[in-house]
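In: Pasting the sequence and the predicted model now:
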Amino acid sequence: MFIDIHVFPAFYEPINEDEAMEELRHETLDIHKNGTAALEHIFNQMRCAGLDKLTLLPQDYNTQQNGITLVSNEEIAKLVELAPDKFIGFASVDPFDPKAAEKLEHAFTQLKLKGLYLHPGRLHFYPNDAVAQPLYDICEKYNKPIIFHSGLSWEPNTLTKYCRPDTFEELAASRPNLRICLGQFGWPWCRETAMLMLKFPNVYTDIGALYFDCAREFLTQMLTVDVPRTWIDRSLRHQVMFGSSNPRFEQIRMAEVIGKLGFRESTLELIKGQNAIEFLGGLD
Amino acid sequence: MMYVDSISMRTKTYNQFILITEDVRRIAAESGIKNGMITVITKHTTTGVTVNEALECLESDIAEFLERLVPEDHPYAHARMLRDYGSTAGNPTGHLKAHLTGNHCHFPIVDGKILCGGAQEIYFCEFDGPAHRTINVIVQGE
């Protein structure tokens, strides 16, 4: 089983029938010239990468966007319904939205979404701020994990100070039963992420960063030098997941490279799928 | 007179050779132009258009030849975040292979038929797939 835990479907064709919304997504995410992708194309990409499943993340920043949700939980549920064997759907809510808790309850109980995605850097809150605690309560209540954007974000209007890995320490410490993923390995603070994973078994990460060079060069640097390969292969092997942050980064080449970094085969199996299954609380 | 049409497709693999000769012949016929020139030109910079004999062995040889000239594992400068795209450029090999094959071909049209050799077939070359692709076909003449 090979799972990409970190995929943004903002430009998938079935949820881009409105041209104005598509344009808003290009501008808000600062992703351009990519057009929209038919599901047939997504499945071709998955086949080329060897991927079995994608975790689809919505993006709700509505209190900063005149009440408009960039990619809604309902749209994610629609995509999952179109390919339930391939897609795992997550929810997203804006913690500053007075209805955030209600929306998250709905996403878990009615839309059957499997976890929560939050971008503290985009929404300008620290992970342990009071505004987000009710959402964490709901995730604990339903045993749902959270994927956070962590480290550098290319999206406009983001501030990295809100999602540097060390800002997650209090949350990880205070809620040991809450599984949290610090996306993008917290790049460039990968060692802070490694520190948190070493200290807290409920902290996971994914490798969805590719900010310089090609996939082979960047992932070699990040996963064998910045964080020595042995740290992952020996100590953190149950907490690192494959993620691409696609469409920001190239899924196919990243998927190919992960198998060439010198990890033990058993570690690769964990990174490629087993850790994601644990993080998600199983596949159903 | 100029007649313009296009061929669109969804490629399925990273590198792929796709025969488009029959599509081009169809467009030439639909143009109604009896004598002139036909141009086949891709809209993309990581795809090519080339003419060769349609043999499996040659497709394999051409693919390996391009792979030798443009290996995946090379320190290309075109491997960096591109501000215009908001994503990392990971396709230098596609650009370079396209540079080698060229992006278009021309044939004369005489008495309503494309004038070409018996072994000549037109290939669309995908070097950064899978992707949705478009090839323009322009017929000029009378």
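Out: Structure received.

In: ok, now which ones touch the residue nearest to the spatial centre of chain B?
Out: Among the residues of chain B, the one closest to the centroid is B:Val49, at 2.4 Å (Cα atoms, centre = their mean). Contacts here follow Cβ atoms under 8 Å, 6 or more residues apart in numbering or on different chains; on that basis B:Val49 touches B:40-42, B:101-105, B:122-125, B:135. Yep, even glycine has a C-beta here, placed from its N, CA and C like the rest.

In: Please flag which of those sit within helices.
Out: Residues from the contacts of B:Val49 lying in helices, with DSSP state H as the criterion: B:Thr101.

In: and of the contacts of B:Val49, the nearest to A:Asn275?
Out: Closest approach to A:Asn275 among the contacts of B:Val49 (Cβ to Cβ): B:Cys125, at 38.6 Å.

In: Test my guess that that closest one contacts B:Leu100.
Out: No - applying Cβ atoms under 8 Å, one finds B:Cys125 not in contact with B:Leu100, separated by 9.5 Å.

In: Out of the two, name the residue with the larger neighbour count.
Out: Between B:Cys125 and B:Leu100, B:Cys125 has the larger neighbour count (other Cβ atoms under 10 Å in any protein chain shown), namely 26 against 15.

In: circling back: overlap in contacts of B:Cys125 and B:Leu100?
Out: With Cβ under 8 Å, 6+ apart as the test, B:Cys125 and B:Leu100 both reach B:Gly48.

In: Where do the helices of chain B begin and end?
Out: So, for chain B - with DSSP H - the helices run B:21-31, B:56-69, B:92-101.

In: For A:Phe185, find the nearest of those helices.
Out: So among the helices of chain B, helix B:92-101 is nearest, using Cβ to Cβ, at 24.5 Å.

In: Can you pull the residues of the stretch 51-200 of chain A lying near chain B?
Out: Residues of the stretch 51-200 of chain A found near chain B (Cβ under 8 Å from any Cβ of the partner chain) are A:Trp154.

In: show me where the stretch 51-200 of chain A has strands.
Out: A:53-56, A:87-89, A:91-92, A:116-118, A:146-148, A:180-182 (DSSP state E, counting those that start in this stretch).

In: With mean neighbour count and mean pLDDT as added columns, please give these in CSV.
Out: Below are the strands of the stretch 51-200 of chain A laid out as CSV (neighbours: other Cβ atoms under 10 Å in any protein chain shown; pLDDT from 0 to 100):
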stretch, mean neighbour count, mean pLDDT
strand A:53-56, 26, 98
strand A:87-89, 23, 98
strand A:91-92, 28, 98
strand A:116-118, 27, 98
strand A:146-148, 26, 98
strand A:180-182, 29, 98
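
In: Any chance of JSON lines for those, columns distance to A:Ala101?
Out: Formatted as JSON lines, the strands of the stretch 51-200 of chain A follow (distance: least, Cβ to Cβ, whole Å):
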{"stretch": "strand A:53-56", "distance to A:Ala101": "22"}
{"stretch": "strand A:87-89", "distance to A:Ala101": "19"}
{"stretch": "strand A:91-92", "distance to A:Ala101": "12"}
{"stretch": "strand A:116-118", "distance to A:Ala101": "11"}
{"stretch": "strand A:146-148", "distance to A:Ala101": "14"}
{"stretch": "strand A:180-182", "distance to A:Ala101": "18"}
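
In: Of the ones you listed, give the one that comes closest to A:Gly67.
Out: Closest among those, using Cβ to Cβ: strand A:91-92, at 14.8 Å.

In: Direction included, what does that closest one pair against?
Out: Strand A:91-92 has its sheet partners listed here by DSSP bridges as strand A:116-118 (parallel).

In: From the rest of the structure, what touches the lowest-mean-pLDDT helix or strand in chain B?
Out: Lowest on mean pLDDT, DSSP states H and E among the helices and strands of chain B sits strand B:87-88, with a mean of 89. Contacting residues not belonging to strand B:87-88 are listed as A:31, A:34, A:210-211, A:214-215, A:247-250, B:79-82 [Cβ under 8 Å, 6+ apart].

In: Among those residues, which ones are in strands?
Out: Residues of those located in strands (DSSP state E): B:81-82.

In: Turn the contacts of strand B:87-88 into a markdown table, including neighbour count, pLDDT and distance to B:Gly117.
Out: A markdown table is the format used below for these (neighbours: other Cβ atoms under 10 Å in any protein chain shown; pLDDT from 0 to 100; distance: Cβ to Cβ, whole Å):
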| residue | neighbour count | pLDDT | distance to B:Gly117 |
| --- | --- | --- | --- |
| A:Ile31 | 19 | 93 | 45 |
| A:Asn34 | 15 | 85 | 39 |
| A:Leu210 | 27 | 96 | 45 |
| A:Tyr211 | 17 | 94 | 49 |
| A:Cys214 | 27 | 94 | 40 |
| A:Ala215 | 22 | 95 | 42 |
| A:Pro247 | 21 | 94 | 42 |
| A:Arg248 | 26 | 94 | 46 |
| A:Phe249 | 24 | 94 | 44 |
| A:Glu250 | 24 | 89 | 39 |
| B:Ala79 | 20 | 93 | 40 |
| B:Arg80 | 14 | 92 | 43 |
| B:Met81 | 16 | 92 | 46 |
| B:Leu82 | 12 | 93 | 41 |
